[in-house]
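J.: pasted the sequence and its predicted model underneath.
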Amino acid sequence: MHEGVPAYLKELLIAQYGGETAEKIAEGYAAQRAVTLRANPLKTNAQAVCEALAAQGIETEPVSWYADAMIVKNAREDALTALEMYARGEIYLQSLSSMIPPLLLGAKPGENVLDMAAAPGGKTTQIAAMTGNQAMITACEMNKIRADRLKYNVARQGATRVTVMNIDSRNMDDLFSFDRILLDAPCSGSGTVQLGNARSKGQFSKEFLARTTKQQAALLEKALRLLRPGCEMIYSTCSVLAKENEDIVTRVLRKANAEVVPLELAAFASVPQLPVSIPGTLCVCPDALHEGFFVAKIRRKK
C-alpha cells in the first residue's frame with residue numbers, strides 16, 4: 001500500500017475491504033484531486049459560468065449527473081478564488097462527492113429543511129439553489145468561528161431563506177420538526193485523505209473513532225426525533241469506514257421507528273463505488289475526481 005497512509009487507517013481498510021480494494025482506495029489518496037465547482041443558479045447559470053471561465057483561459061468539463069457542476073481542467077483553487085465571479089457568489093468550489101447528498105435529499109420548495117452540521121455552507125447553499133430560495137432552511141453549526149463563516153457564505157451565495165443557528169444540533173428543542181434533514185456528520189475524514197497534503201490527513205485512532213461514532217449515533221438519533229413522521233433524511237459522511245457509516249445506521253435504526261430507503265443511483269453510474277453492507281446505500285471510492293463519501297436515505301415511519 002502507498003506510503004503515508006496512517007497505520008491504523010490501513011489496518012481498518014484491509015480488515016473491511018481486503019487488500020485489493022484497500023489498495024485501490026490508497027491509490028485514490030495518492031491522486032491529485034481535480035478542482036470542481038458548481039454554478040449558483042440563484043445568480044447565474046452553468047453556461048454563463050463556462051463561457052466566463054473560458055474567456056479567462058480556464059477549461060471545464062461537464063458532470064453527467066448534475067447540470068450545475070463542472071470539473072476544472074487547467075486551473076487550481078487559487079486561480080478560481082481570485083475571480084470576480086467567485087467574489088460575487090456565482091460559483092462555489094465544492095467536491096463532486098459532497099454535492100451528492102443534497103441531490104439525493106430532494107428538498108422541494110415550501111419545505112422546512114434542517115442542515116445539522118452545515119459549515120462551511122456548501123450543502124446548505126446547494127439546497128437553497130436547488131429549491132430556488134423557496135425552502136425554509138435551518139443551518140446549524142456549533143463552532144462560533146465556523147458559524148460566522150457559514151453566515152458569510154450563505155449571504156454571498158444569495159441564499160435568502162437560510163437561518164443560521166450557532167448551536168450543537170443535538171441540543172435543539174424536540175418541539176422543532178422538519179420535512180427533510182441533511183446530517184452530514186462529523187467524521188474521521190477517511191474519504192478525503194490526500195497523501196502529501198498536510199491539511200487532509202484525517203484523524204485515525206481507536207480513541208478518536210470511539211468519540212466520533214458516539215457523536216454520529218447521537219446526531220442521527222436526534223435527527224430522527226426532529227424529522228416529521230413519513231418524511232426522509234440523508235445521513236452522510238466523508239468516510240469510507242463502515243464503523244462510521246453502515247454500523248451507525250444499523251445501530252440507530254435498530255431502536256428507531258425508521259427504515260432505510262434505497263437510493264436511486266442510476267444517474268451516478270460514472271461515480272466509482274465501494275461495496276456496502278446495507279443495500280441501497282452509496283459509498284464513493286476516492287479517486288482523482290471524487291472524495292470518499294457515504295450516503296444513506298432514511299425515512300421515519302408514520
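T.: Received it, and whenever you're ready, just let me know what you need.
J.: which residues pair with the nearest residue to residue 97 once chain neighbours are set aside across the strands?
T.: Counting by Cβ to Cβ, 6 or more residues apart in numbering, residue 293 is the residue found nearest to residue 97 once chain neighbours are left out, at 3.8 Å. All C-beta spots, glycine's among them, are computed from the backbone N, C-alpha and C. Beta-bridge pairing for residue 293 (DSSP bridges): residue 284.
J.: my read: residue 293 touches residue 241, true?
T.: No. Look at residue 293 against residue 241 with Cβ atoms under 8 Å: they stay out of range, at 11.8 Å.
J.: sec struct for the residue at minimal distance from the centre of the chain, please.
T.: The chain has residue 98 as the residue nearest its centroid, 3.3 Å off, counting by Cα atoms, centre = their mean. Following DSSP: H, G, I helix; E, B strand; the rest coil, we place residue 98 in the helix state.
J.: residue contacts, it?
T.: Counting by Cβ atoms under 8 Å, 6 or more residues apart in numbering, residue 98 touches 122, 123, 184, 238, 291, 293.
J.: rerun at 7 Å
T.: Contact analysis of residue 98 by Cβ atoms under 7 Å, 6 or more residues apart in numbering lists 122, 123, 291, 293.
J.: can you check these and name whichever has the most neighbours?
T.: residue 293 (29 neighbours; other Cβ atoms under 10 Å).
J.: okay, that one: pLDDT?
T.: Residue 293 is assigned 98 on the pLDDT scale.
J.: confirm for me that residue 62 is in contact with residue 68.
T.: No. Residue 62 is not in contact with residue 68 according to Cβ atoms under 7 Å; the separation is 9.8 Å.
J.: looking at those two, which is more packed in?
T.: Between residue 62 and residue 68, residue 68 has the larger neighbour count (other Cβ under 10 Å), namely 22 against 13.
J.: returning to that earlier point: any figure for the gap between the residue nearest to residue 97 and residue 184?
T.: Going from residue 293 to residue 184 by Cβ to Cβ, to the nearest Å gives 9 Å.
J.: overlap of the contact sets of those two?
T.: residue 236.
J.: please narrow the contacts of residue 98 to those residing in helices.
T.: Assigned to helices by DSSP state H, the following of these qualify: 122, 123.
J.: and the contacts of residue 98, which two are furthest apart?
T.: Largest separation among these by Cβ to Cβ: 123 and 291, giving 13.3 Å.
J.: could you list the low-confidence segments of the stretch 51-200 of the chain?
T.: Scanning the stretch 51-200 of the chain for pLDDT under 70 picks out 200.
J.: let me see the ranges of the strands in it.
T.: 60-63, 66-72, 91-93, 112-115, 136-140, 162-165, 178-184 (DSSP state E, counting those that start in this stretch).
J.: could I get those in TSV, plus columns for distance to residue 251?
T.: Formatted as TSV, these follow (distance: least, Cβ to Cβ, whole Å):
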stretch	distance to residue 251
strand 60-63	34
strand 66-72	31
strand 91-93	34
strand 112-115	22
strand 136-140	23
strand 162-165	27
strand 178-184	15
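J.: so which of those strands comes closest to residue 198?
T.: strand 91-93 (19.4 Å).
J.: elements contacting that closest one?
T.: When contacts are defined as 3 or more Cβ pairs under 7 Å, 6 or more residues apart in numbering; DSSP states H and E, strand 91-93 sits against strand 35-39.
J.: the strand it packs on pairs with which strands?
T.: Counting by DSSP bridges, the strands paired with strand 35-39 are strand 66-72 (antiparallel), strand 91-93 (antiparallel).
J.: tabulate these in CSV, adding columns for distance to residue 222.
T.: Formatted as CSV, the strands paired with strand 35-39 follow (distance: least, Cβ to Cβ, whole Å):
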stretch, distance to residue 222
strand 66-72, 29
strand 91-93, 28
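J.: residue 247: which of the ones you listed is closest?
T.: Nearest of the strands paired with strand 35-39 (Cβ to Cβ): strand 66-72, 29.0 Å.
J.: could I get the closest one in PDB with only the CA atoms?
T.: Output of strand 66-72 as PDB, limited to C-alpha atoms (Å, rounded to 0.1, in the frame of the first residue of the first chain):
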ATOM      1  CA  TYR A  66     -25.500  17.400 -12.200                       C
ATOM      2  CA  ALA A  67     -26.000  20.200 -14.700                       C
ATOM      3  CA  ASP A  68     -24.700  22.900 -12.400                       C
ATOM      4  CA  ALA A  69     -21.400  21.000 -11.600                       C
ATOM      5  CA  MET A  70     -18.200  21.100 -13.600                       C
ATOM      6  CA  ILE A  71     -14.600  19.900 -13.500                       C
ATOM      7  CA  VAL A  72     -11.900  22.400 -14.000                       C
END
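J.: many thanks, we can stop here.
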